[in-house]
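Asker: my questions are about this predicted structure, shown below with the sequence.
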Amino acid sequence: MTKLSVNINKIATLRNARGGNRPDVVQAALDCERFGAQGITVHPRPDERHIRYQDVLDLKPVVTTEFNIEGNPTPDFLELVKKVKPEQVTLVPDAPDAITSNAGWDTIKHQAYLKEIISDLKAIGTRVSIFVDPVVEMVEGAAQTGTDRIELYTEAYAKNFLQDPAKAIAPYAAAAQRAVALGLGINAGHDLDLDNLKYLKQNIPGLLEVSIGHALICDALYLGLENTVQLYLRQLQ
Ligand SMILES: CC(=O)[C@@H](O)[C@H](O)COP(=O)(O)O
Ligand SMILES: NCC(=O)COP(=O)(O)O
């Protein structure tokens, strides 16, 4: 079974646009769960452009599915994660000014750095996933860090899917096969949508979780949040 974790970053983007509490991020998370989402993902960036650290603190006591916190493991981020103790933390190498996540970890160059951070996070009982490109050597490096899972960075897949699905999925299938052989759990995310999700699911055996935000929230503007969550869930059946 592949779980759908709804990333609610863009709910917070809309809320922050006017300075009030509309839409209510906590209520949106609870509604996504009520509509069938099996997880809630947030990515509190250093500039708090969307999800704020306070949102994470407000969400933790009320989220009843899996709570996944994504971010670059800065001291402030790690302090927040250790305070909240989510079911999962997903480490990404984003620069503070990145417009969005745009690369996976170099798990060979940063292996010692990641190994130490992952050990600390696992010690608090949080599952750790790290964001990686679909490159077998990066998957092999990830296995050496002690991470529980990898999250395959699917921007390239999404970009190439419409033109040539088989070519787009090939590196992901190879990376996933190596990950399974190394005992790593497989998550995936970034730019997944209603066009490309089913093919990804069909071609990545053992895919445990997809975290989807931008396209899902955009779709919900036209199709409604409840309907949209259930449309995404149907792609994973
Ligand atoms: C890691 C990843 O690809 C996404 O989870 C990321 O959180 C998207 O960030 P923005 O919502 O800021 O684009
Ligand atoms: N880890 C991917 C995620 O949480 C959402 O990415 P996107 O769907 O907003 O591109």
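Answerer: Thanks, I have the structure now. Numbers count the residues shown, from 1 in each chain. Ligands and ions are numbered 1, 2, ... in the order given.
Asker: which residues does the closest residue to ligand 2 within the chain bridge with?
Answerer: Nearest residue of the chain to ligand 2: Gly189, at 2.7 Å (Cβ to the nearest ligand atom). All C-beta atoms are positioned from the backbone trio N, CA, C, and that covers glycine. Using DSSP bridges, the bridge partners assigned to Gly189 are Tyr153, Ser211.
Asker: contacting residues for it?
Answerer: 7, 41, 151-154, 210-212 (Cβ atoms under 8 Å, 6 or more residues apart in numbering).
Asker: quick one: name the residues of the protein near ligand 1.
Answerer: 7, 9, 43, 70, 92, 100-101, 131, 189-190, 211, 213-214 (Cβ under 6 Å from any ligand atom).
Asker: buried ones in the longest helix along the chain?
Answerer: For the chain, the helix with the greatest residue count under DSSP state H is helix 165-181. For helix 165-181, the neighbour count (16 or more other Cβ atoms under 10 Å) marks 165, 168-169, 171-172, 175-179 as buried.
Asker: would you list these in TSV and tack on distance to Gln235 and pLDDT?
Answerer: Below are these laid out as TSV (distance: Cβ to Cβ, whole Å; pLDDT from 0 to 100):
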residue	distance to Gln235	pLDDT
Pro165	14	98
Ala168	16	98
Ile169	15	98
Pro171	21	98
Tyr172	16	98
Ala175	21	98
Ala176	18	98
Gln177	22	98
Arg178	25	98
Ala179	22	98
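Asker: now narrow the contacts of Gly189 to whatever sits close to ligand 2.
Answerer: Filtered for proximity to ligand 2 (Cβ under 6 Å from any ligand atom), the contacts of Gly189 shrink to 7, 41, 151, 211-212.
Asker: and the residue nearest the centre of the chain, what pLDDT?
Answerer: Against the mean C-alpha coordinate of the chain, by Cα atoms, centre = their mean, the closest residue is Ser211 at 4.3 Å. Here, the pLDDT recorded for Ser211 equals 99.
Asker: same for whatever helix or strand Thr90 lives in, what does it pack against?
Answerer: Using DSSP states H and E, the element containing Thr90 is strand 88-91. In terms of contacts (3 or more Cβ pairs under 8 Å, 6 or more residues apart in numbering; DSSP states H and E), strand 88-91 is packed against strand 66-71, helix 111-123, strand 127-132.
Asker: including mean neighbour count and mean pLDDT, could these go into TSV?
Answerer: Conversion of those to TSV gives the following (neighbours: other Cβ atoms under 10 Å; pLDDT from 0 to 100):
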stretch	mean neighbour count	mean pLDDT
strand 66-71	24	98
helix 111-123	16	98
strand 127-132	25	98
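Asker: could you dump the ones you listed to TSV with distance to Gly36?
Answerer: As requested, the helices and strands packed on strand 88-91 are exported to TSV (distance: least, Cβ to Cβ, whole Å):
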stretch	distance to Gly36
strand 66-71	13
helix 111-123	28
strand 127-132	22
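Asker: can you give me the helices for the chain?
Answerer: 9-18, 25-34, 53-59, 75-84, 111-123, 136-143, 155-161, 165-181, 197-203, 214-223, 225-235.
Asker: turn those into CSV, including distance to ligand 2.
Answerer: Listed next are these as CSV, based on distance: least, Cβ to the nearest ligand atom, whole Å:
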stretch, distance to ligand 2
helix 9-18, 6
helix 25-34, 13
helix 53-59, 14
helix 75-84, 15
helix 111-123, 17
helix 136-143, 15
helix 155-161, 8
helix 165-181, 14
helix 197-203, 10
helix 214-223, 3
helix 225-235, 10
